[in-house]
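S.K.: Pasting the sequence and the predicted coordinates here, then a few questions.
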Amino acid sequence: MQLRKTLLVGLVASVLLAGCSSEQDTLAMSPLPKVENQFNPRVIWDKSVGSGVGQYYSHLSPVWQGSTVYVADRTGVVKAFEVDTGKELWATDLSEKAGFLSSRLPALLSGGLTVSGERLYVGTEQAKVIALDTTNGKVEWESNVAGEALSRPVVSDGLVLIHTGNGLLQALNETNGSAVWSVNMDTPSLSVRGESAPAVAYGAAIVGGDNGRISAVLMSQGQLIWQQRIAQMTGSTEIGRLNDIDMTPVISNNIIYAIAYNGNLVAMDMRSGQLIWKRDIGSVNEMVVTNDHIFIVDQNDRILSLRKSDGVTLWTQSDLLHRNLTAPEMYNGYLVVGDAEGYLHWLNMADGKFVAQHKVDGSGLLSRPVVAGDKLMVQAKDGKVYLYTR
């Protein structure tokens, strides 16, 4: 029987370390660097949303539209808050009653929230995609999909795109959730838990697969346009051969930027899929792409700045190795990352030096910080949500 989507990123190191004390020393979490704050990040408000994600590998994070922020926990609690004040606007529980008992069966929300127009979308590990009314949290429709909905839903051209744990990219009707088409991305027997959410442009969906390939799919018909492999299965062990692309490709000026675990960071022509340049850097994290630079957190938790035109490294920050960093986010001209001990780290984007550090939450941070206008939102593993300003 094939192993399916069961490997957590956080477990890769511990498997590699079995019986090897020298590697254990190498992969130990770096101590917290001492930082002299140039400014003190300020919490505007914090709220509790259910029980968070606990010890599960989940990238549930807040989403923002207009004056409202939407947040969820793994069990199925979804809440809407007013951004400026933190006032709760509504709350919905998507868990199900367990017969006549008072206990409830968790909804197992996964992948992340997406807000588009008057609907809020979320997928579940129970192979469902749910659409909620953004004004009151009521369920508008619920659809079954072919596998665990591990990617963030993406809405474009009247479709809701979801990448499921069995390697299918599926399109649902945005209005009623009916199935429109599906494309098989192929999946190996062992892979990192998570799926790439597609990027969309010019009527095409660009999505990464567990097989180390980037695929372009025509959204109007669900037809494959091209595929390009950016990572090879070259390791001597199953873990060493992992080459998942779990981040959302970034499209900028008709060029696709993507990165694979144990693989490469690449720039590709969007029309043909041909490689423009590649670098031997691996990650499963989302990355920041600006006009001239790319900022990434690699699989060893190094933070790198690269030149966008050719991938040349401009600086590397290695003082947070193996602290299980979140994906980076750009906020107020700084690069911000969180870590497993619950700290936010603020870096100068020009040289990678630390400019501020702040302890957010003892449960730790797993999901990427989210920019909401001129504020920064952070969701901790225990479900608490914090709104920051510089």
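M.R.: Arrived safely.

S.K.: Confirm D361 sits in a strand?
M.R.: No - counting by DSSP: H, G, I helix; E, B strand; the rest coil, D361 is not part of a strand but coil.

S.K.: From V129, how far off is the nearest residue to it once chain neighbours are set aside?
M.R.: Excluding its sequence neighbours, the residue lying closest to D361 (Cβ to Cβ, 6 or more residues apart in numbering) is A380, at 3.6 Å. All C-beta atoms are positioned from the backbone trio N, CA, C, and that covers glycine. Shown here: A380 relative to V129, a distance of 26 Å by Cβ to Cβ, to the nearest Å.

S.K.: Equivalent analysis for R307, please.
M.R.: For R307, the distance to V129 - Cβ to Cβ - is 39 Å.

S.K.: of these two, who's got more company?
M.R.: V129 (23 against 13; other Cβ atoms under 10 Å).

S.K.: how much space between the more buried one and E174?
M.R.: V129 is 11 Å from E174, by Cβ to Cβ.

S.K.: list residues touching both of the two?
M.R.: Listed as contacting both V129 and E174 by Cβ atoms under 8 Å, 6 or more residues apart in numbering are V160.

S.K.: Count the neighbours of the residue lying closest to A340 once chain neighbours are set aside for me.
M.R.: Of all residues not flanking A340 in the chain, N324 sits nearest, at 3.8 Å (Cβ to Cβ, 6+ apart). Look at N324: counted by other Cβ under 10 Å, it has 18 neighbours.

S.K.: quick one: contacts for N324?
M.R.: G10, M29, D301, D339, A340, G364, L366 are the contacts of N324 under Cβ under 8 Å, 6+ apart.

S.K.: so A149 sits right up against T164, yeah?
M.R.: Yes - judged on Cβ atoms under 8 Å, A149 makes contact with T164 at a distance of 5.9 Å.

S.K.: Below-threshold pLDDT in the stretch 201-350 of the chain: ranges please.
M.R.: Along the stretch 201-350 of the chain, segments meeting pLDDT under 70 span 232-243.

S.K.: if you go through it in chain order, where are the strands?
M.R.: Taking DSSP state E, counting those that start in this stretch as the criterion, the stretch 201-350 of the chain contains strands spanning 204-208, 213-218, 223-229, 250-252, 255-259, 265-269, 275-279, 288-289, 293-297, 303-307, 313-317, 329-331, 334-338, 343-348.

S.K.: and what of the stretch 1-150 of the chain?
M.R.: Going by DSSP E, counting those that start in this stretch, the stretch 1-150 of the chain shows strands at 42-48, 63-65, 68-72, 77-82, 88-93, 96-97, 104-105, 109-116, 119-124, 128-133, 139-144.

S.K.: What is the longest one packed up against?
M.R.: In this structure, strand 109-116 makes packing contacts with strand 63-65, strand 68-72, strand 119-124, strand 154-156, judged by 3 or more Cβ pairs under 8 Å, 6 or more residues apart in numbering; DSSP states H and E.

S.K.: If you drop the residues flanking it in sequence, what lies closest to D382?
M.R.: Nearest to D382 is S363, by Cβ to Cβ, 6+ apart, at 3.7 Å.

S.K.: shouldn't the one you found be in contact with E341?
M.R.: No - using Cβ under 8 Å, S363 is not in contact with E341, being 9.6 Å away.

S.K.: isn't D73 right up against L60?
M.R.: Yes - at 7.0 Å, D73 and L60 qualify as touching, with contact defined as Cβ under 8 Å.

S.K.: So for these two, which residues contact both of them?
M.R.: V53, L109.

S.K.: returning to what we had before: who's in contact with the residue nearest to D382?
M.R.: Counted by Cβ under 8 Å, 6+ apart, S363 has contacts G52, G342, A380, K381, D382, K384.
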